[in-house]
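Participant: Any chance you can model this:
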Amino acid sequence: MSSVLLPSVAGMFYPEHADKLRQQVDNFLAQARPADMPPPKALIAPHAGYVYSGPVAANAYRRLLPTAGSIQRVVILAPSHQLPFRGLATTSADFLRTPLGDIPVDRKAVSRALALPQVQEYDQAFEGEHALEVQLPFLQRTLEDFHVVPFIVGQANPQDVSEVLDLLWGGSETLIVISSDLSHFLDYHSAKEKDLHTTLAIESLSPEAIGFDDACGRVPVSGLLLSARKHGLQATTVDLRNSGDTAGDRNRVVGYGAYVFN
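Facilitator: All right, here's what the predicted structure looks like:
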């Protein structure tokens, strides 16, 4: 019997009704800048409530539209905000559900990853966790038929993440998505300065230059940078803003960046 991982933050981080969710994501995508480069192999997108980070995330996801039918598998890594644990957690579920429908999990790819010592099946890591879930509706509105390989990253190092990515790298049929916000709760100008530093580190594929407080998804981001080096990818920034630019005041902001890797 198939099992389904139910959404945890529908109605909080994004609309819980399918029509409203579809309309909101489509509006973000329509307002995003048109792609001026080939579709990416990997991307980094933020994971706050859609009113805050949705416009930024859309600038990465819009670049998937030209290749929507060719991507069959999406490997997603997001940091844990709810539960401390060691390594990377994946799920026993067969499907991940959003208001837009059920996304099948690539159980064969999950089984391959579980052969690595840093990966465990730990469904509790997904309970109440928003960072991976908020990426799914964007994928559902930009891709066609695809499977997902989901991971929540706990106490791990970038090499642990890179090993998982290299194992599941695949070809043009596989997309890698890293979920991460940037700085947290600085004033507007301090955040802009800090986030620019992090952006330069991402563009130069320099994980060692990303500090603990620079990005909540520092470990999965750094793991991607290590793998990008190995595979000869280049990183491009397609958006860099913060909540003071999108939907919040400027006294205490969260930074959001969207990056694509080709």
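Participant: quick one: contacts for the nearest residue to Lys194 once chain neighbours are set aside?
Facilitator: Of all residues not flanking Lys194 in the chain, Ser183 sits nearest, at 4.5 Å (CB to CB, 6 or more residues apart in numbering). In short, each C-beta sits where N, CA and C put it, glycine included. Ser183 sits next to Ser190, Ala191, Lys194, Asp195, Thr198, Asp213, Asp214, Ala215, Asn242, Val253, Val254, Gly255 when contact means CB atoms under 8 Å, 6 or more residues apart in numbering.
Participant: Next up, phi/psi of Ser183, please.
Facilitator: Note on Ser183: its backbone torsions stand at phi -70, psi 160 [degrees, to the nearest 10].
Participant: follow-up on the earlier one: what's the closest of the contacts of Ser183 to Ser111?
Facilitator: Ala215 (29.9 Å; CB to CB).
Participant: can you tell me how far the closest one sits from Asp123?
Facilitator: 26 Å (CB to CB, to the nearest Å).
Participant: what do you get for Pro158?
Facilitator: 25 Å.
Participant: So if I had to pick from these two, which one is more boxed in?
Facilitator: Neighbour totals were compared for Pro158 and Asp123, and Pro158 leads with 21 against 14 (other CB atoms under 10 Å).
Participant: Quick check, the more buried one in contact with Ser227.
Facilitator: No: Pro158 is beyond contact range of Ser227, at 9.3 Å (criterion: CB atoms under 8 Å).
Participant: and the nearest residue to Asp160 once chain neighbours are set aside, what is it in contact with?
Facilitator: Leaving aside its sequence neighbours, Asp160 sits nearest to Gln118 (CB to CB, 6+ apart; 4.3 Å). Contacts for Gln118 (CB under 8 Å, 6+ apart) come out as Arg86, Gly87, Leu88, Ala156, Asp160, Glu163, Val164.
Participant: Then Ala191?
Facilitator: Per CB under 8 Å, 6+ apart, neighbours of Ala191: Leu182, Ser183, Asn242, Gly244, Val253, Val254, Gly255.
Participant: so of those residues, which ones are in helices?
Facilitator: Assignment to helices by DSSP state H places the following of the contacts of Ala191 there: Gly244.
Participant: Okay, helices next: where are they in this protein?
Facilitator: Using DSSP H, helices in the chain cover 18-31, 50-61, 107-114, 136-142, 158-167, 188-203, 218-231, 243-246.
Participant: quick one, which of these is packed in tightest?
Facilitator: Comparing those on average neighbours per residue, with mean count of other CB atoms under 10 Å, the densest one is helix 50-61 at a mean of 25.
Participant: what's it packed up against?
Facilitator: Under the contact definition 3 or more CB pairs under 8 Å, 6 or more residues apart in numbering; DSSP states H and E, helix 50-61 sits against helix 18-31, strand 42-45, helix 136-142, strand 235-242, helix 243-246, strand 253-261.
Participant: Could you check these and tell me which one is nearest Ile76?
Facilitator: Comparing these by CB to CB, helix 136-142 comes nearest, at 8.1 Å.
Participant: And the residue lying closest to Leu139 once chain neighbours are set aside, what's its pLDDT?
Facilitator: Once flanking residues are discounted, Leu139 sits nearest to Val74: 5.9 Å by CB to CB, 6+ apart. On pLDDT, Val74 comes in at 98.
Participant: who are the neighbours in contact with Val74?
Facilitator: Leu139, Leu143, Phe146, His147, Val148, Val149, Thr174, Leu175, Ile176, Val177.
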